[in-house]
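K.L.:
Show me the folded form of this:
(chains A and B)
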Amino acid sequence: MKGRINLFTIVITLGFVLVSARLFYWQIVKGSELSDLAKYQYGRNTTIQAPRGNILASDKSWLVARGDAYLVYAQAPQLTKTAKEVANNIAPIFVEDKEDKEANLAEEQRLEDLLNKKDLVWVALKQKISPEQKTNIEALGLDGIGFQLVEDRLYPEASSAAQLLGFVGKNEEGQDQGYFGLEGNYDLTLSGKPGYKKLEKDAQGKMILTGDEKQVEALEGIDLQTTINKSIQLTAEKKLKEGIEKYGASGGTVSVMDPTSGAILAMASYPSYDPRSYWDYSDAYFKNPVISSSFEPGSVFKVVVMASALDAGKVEPDTKCDICSGPVKVDKYFIETWNNEYHPDSTMTDVIVHSDNVGMVFVAQRMGADLLYDYLDKFQIGSLTGIDLQGEASPKLRERGSWNIVDLSTASFGQGIAITPIQLLRAVGAIANDGVMSTPYVVSTLFGSGWQEDIRPVYSNRVVSKEAADEMTAMMEAAAEEGESKWIQASGYRVAGKTGTAQIPIAGHYDPEKTNASFVGFAPAEEPKFVMLVTLNEPKTSPWASETAAPLWYDIAKDIFIYLNIRPEN
Amino acid sequence: MIKKSVTYKKKDKKFNLKPVIVVVMAVALVSSVILSIELATSGAEISKLEGQEADLISQNNDLTQKIVKGSSLSGVEEKSQELGYSKPSKIIYLNSTEAQMAKLP
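P.N.:
From the prediction side, this is the model:
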């Protein structure tokens, strides 16, 4: 009996030890691992996506809106149809044009190849399909095809203002990121901040209320209200495209600004790209030429130099040019007028009206290189304008003190000096705005959830006196009425403008045939509501801006007069 | 004898905790079960509400997308041309001093 009791005691003790040892193993040795596994089983950690902000026009209509899209994927083990059958069913929904048999076949082949991959478990079939496409696929009732909600960008005006807006692509970590234009410059503002949700769910996926729950709400991306006038933007784009085709140009830009505030009303360039399928275009298309491409401005630059000379008191509107009777020799070069016509004793107004290169050399010689440099510096030629768009570039101005007589003379009529269209627009905007230069900007207001903030820049700088600006405006008005572009002027409207035909520098000399044409002007001359610059690259129908850029400028301006309620004065 | 009768009286007055504890435990047990059922039901209800919220957000997004597409100026222009509207070729401005406006009879 005693032996049995001892045996029983030993067995019980041994059992206790074994159970204790096993408990020690699970609780202490494996405890942490098992705890993690358990948390993984019942815990749900979810990132709450922050919706990207919208980009709005000046009337708060959408330029870019956030929207829903879906990633379509296939789970191979659950597919009940063959790869070929699935591909044949889905491909017509993926292609843009169902009638395009070639595209349809290519898509079918692509899907079939994806679905036939070895050891396939999960495969993405298509990124960012629309809700309509999703509904159509669901209607097919295919097993093993699933959808994941992703954010998309909607462009109600299609590719309009693409280079101004930029696009949303992926960064190195596969997350959405804005590139170029507004999307690039305001990426952080638009992106918001993702939130985080941690909760426990039971086997059926229902929430356990007594479980551990933590939640950090996502901060939604901020909406941007821009100064873009949609009507002017669409008109500018449409007419620019028509103008490029009509004049056989290789490209061009149109930029429109309110000279008083610096608000950009429209910014169009061509060729452009479609932000909905940016991956189909090379990098060259993404740059906005208005802010990042430099060019030799040619005669449109004369207004900046003349305004400087007027402000410095070196010339008056009726000062007579005493070297304008023929070509002028500068160092070893002869500088001629564009049409080889000479006007002895021209006044400064005549010099601008006739776009007289010799007359501008006269002005430059009166100013001298250092004074001209100082004025160009005041106009911030050679500096970034600070416009709130990603990708702005600025060619450097030759250093003060290093200008020789040839540099001084050629710069006076816009040769041997490079600027960007936005720099020229800002400089002429200063003349339109009584001599005060504003910073160009695109975004005026930020809209958050329950708040808004005005962020328009308040910086402005007087570059020339009001008197000098008024005199220059009168000269430009005379140029528009009596200059070489007078045939196209808008009857009844007071426009101040200037044409520019610039030769294109190639490898140390100027191309003998190709030119860049431009026209800059503002209206009404008295109290301007807009300043606009039109540039055309290498137009083929005529080398002269008066026959290409100028008519295009007036064609767009006639619509702007209506949109901005500018009435003719007689 | 007198002592005995006193002892009996004391025994009668002694409070018996047993049934109270049983009742409290029973109430606690039932409450616990009810609470568990309630929590489980609420969890399911919350999951259902979350699903409804997601559906409503999705519908709202769909409608917003339709408004975005419908507000397209290019689309409106295209549609207006289909309907026969055209851009005015000539605009006449009336001087405010000229009171020559058309009047209905």
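K.L.:
who does the nearest residue to residue A:145 once chain neighbours are set aside bridge with?
P.N.:
Nearest non-adjacent residue to residue A:145, counting by CB to CB, 6 or more residues apart in numbering or on different chains: residue A:74, 5.7 Å away. Every residue, glycine included, has its C-beta placed from N, CA and C. Counting by DSSP bridges, residue A:74 forms beta bridges with residue A:123, residue A:145.
K.L.:
Let me know the pLDDT of residue A:74.
P.N.:
Confidence at residue A:74, expressed as pLDDT, is 92.
K.L.:
mind listing the helices for chain B?
P.N.:
B:2-13, B:18-70, B:73-82 (DSSP state H).
K.L.:
now swap in the stretch 101-250 of chain A and tell me
P.N.:
A:101-115, A:131-140, A:162-165, A:181-185, A:187-191, A:230-247 (DSSP state H, counting those that start in this stretch).
K.L.:
just those: most buried one?
P.N.:
Of these, the one with the most neighbours on average (mean count of other CB atoms under 10 Å in any protein chain shown) is helix A:162-165, at a mean of 27.
K.L.:
is stretch A:547-555 up against chain B anywhere?
P.N.:
No - applying CB under 8 Å from any CB of the partner chain, one finds stretch A:547-555 separated from chain B by no less than 12.5 Å.
K.L.:
what about that stretch, average pLDDT?
P.N.:
For stretch A:547-555, the per-residue pLDDT averages 96.
K.L.:
Residues contacting it, please?
P.N.:
A:239-240, A:243, A:247, A:249, A:252, A:254, A:485, A:488-490, A:495, A:497, A:499-500, A:517-519, A:521, A:532, A:534-536, A:539, A:541-542 (CB atoms under 8 Å, 6 or more residues apart in numbering or on different chains).
K.L.:
Restricted to strands, list the residues you listed.
P.N.:
Under the assignment DSSP state E, the contacts of stretch A:547-555 contribute A:252, A:254, A:497, A:499-500, A:517-519, A:521, A:532, A:534-536 to strands.
K.L.:
out of these, which one sits closest to chain B?
P.N.:
residue A:254 (16.9 Å; CB to the nearest CB).
K.L.:
Pull up the residues of chain B that are close to chain A.
P.N.:
So far as CB under 8 Å from any CB goes, chain B lies against chain A at B:39-40, B:42-44, B:46-47, B:50, B:58, B:61-62, B:64-65, B:68-69, B:71-75, B:77, B:91, B:93.
K.L.:
For the residue in chain B positioned nearest to chain A, list the residues it contacts.
P.N.:
Closest residue of chain B to chain A, CB to the nearest CB: residue B:72 (3.9 Å). Residue B:72 makes contact with A:156, A:157 under the criterion CB under 8 Å, 6+ apart.
K.L.:
And for residue A:177?
P.N.:
Contacts of residue A:177 by CB under 8 Å, 6+ apart are A:168, A:169, A:170, A:171, A:187, A:191.
K.L.:
Pull out the CA atoms of stretch A:423-438 and give them to me as PDB.
P.N.:
Extracted in PDB, the C-alpha atoms of stretch A:423-438 (Å, rounded to 0.1, in the frame of the first residue of the first chain):
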ATOM      1  CA  GLN A 423      10.300  87.300 -66.000                       C
ATOM      2  CA  LEU A 424       9.300  89.300 -69.000                       C
ATOM      3  CA  LEU A 425       5.700  89.200 -68.000                       C
ATOM      4  CA  ARG A 426       6.500  90.400 -64.500                       C
ATOM      5  CA  ALA A 427       8.700  93.300 -65.800                       C
ATOM      6  CA  VAL A 428       6.100  94.500 -68.200                       C
ATOM      7  CA  GLY A 429       3.500  94.100 -65.500                       C
ATOM      8  CA  ALA A 430       5.500  96.600 -63.400                       C
ATOM      9  CA  ILE A 431       5.100  99.200 -66.300                       C
ATOM     10  CA  ALA A 432       1.400  98.400 -66.400                       C
ATOM     11  CA  ASN A 433       1.100  98.800 -62.600                       C
ATOM     12  CA  ASP A 434       2.500 102.400 -62.400                       C
ATOM     13  CA  GLY A 435       6.100 101.200 -62.000                       C
ATOM     14  CA  VAL A 436       5.400  98.800 -59.000                       C
ATOM     15  CA  MET A 437       6.400  95.200 -59.600                       C
ATOM     16  CA  SER A 438       4.400  92.400 -57.900                       C
END
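K.L.:
distance between it and the chain's centre?
P.N.:
22 Å (CA atoms, centre = their mean, to the nearest Å).
K.L.:
can you check stretch A:482-501 too?
P.N.:
On CA atoms, centre = their mean, the centre of stretch A:482-501 falls 30 Å from that of its chain.
K.L.:
and if you look at stretch A:463-475?
P.N.:
32 Å.
K.L.:
what does stretch A:171-183 give?
P.N.:
With CA atoms, centre = their mean, you get 13 Å for stretch A:171-183.
K.L.:
can you give me the end-to-end distance of it?
P.N.:
13 Å (CA to CA, to the nearest Å).
K.L.:
do stretch A:332-349 as well
P.N.:
28 Å.
K.L.:
Could I get the buried residue list for it?
P.N.:
A:335, A:337, A:338, A:342, A:343, A:346, A:347, A:348, A:349 (16 or more other CB atoms under 10 Å in any protein chain shown).
K.L.:
Quick check, central residue of chain A?
P.N.:
Chain A has residue A:164 as the residue nearest its centroid, 2.2 Å off, counting by CA atoms, centre = their mean.
K.L.:
wait, doesn't it sit right on residue A:184?
P.N.:
No - Residue A:164 is beyond contact range of residue A:184, at 11.0 Å (criterion: CB atoms under 8 Å).
K.L.:
Quickly list what's touching both of the two.
P.N.:
With CB under 8 Å, 6+ apart, residue A:164 and residue A:184 have common neighbours residue A:389.
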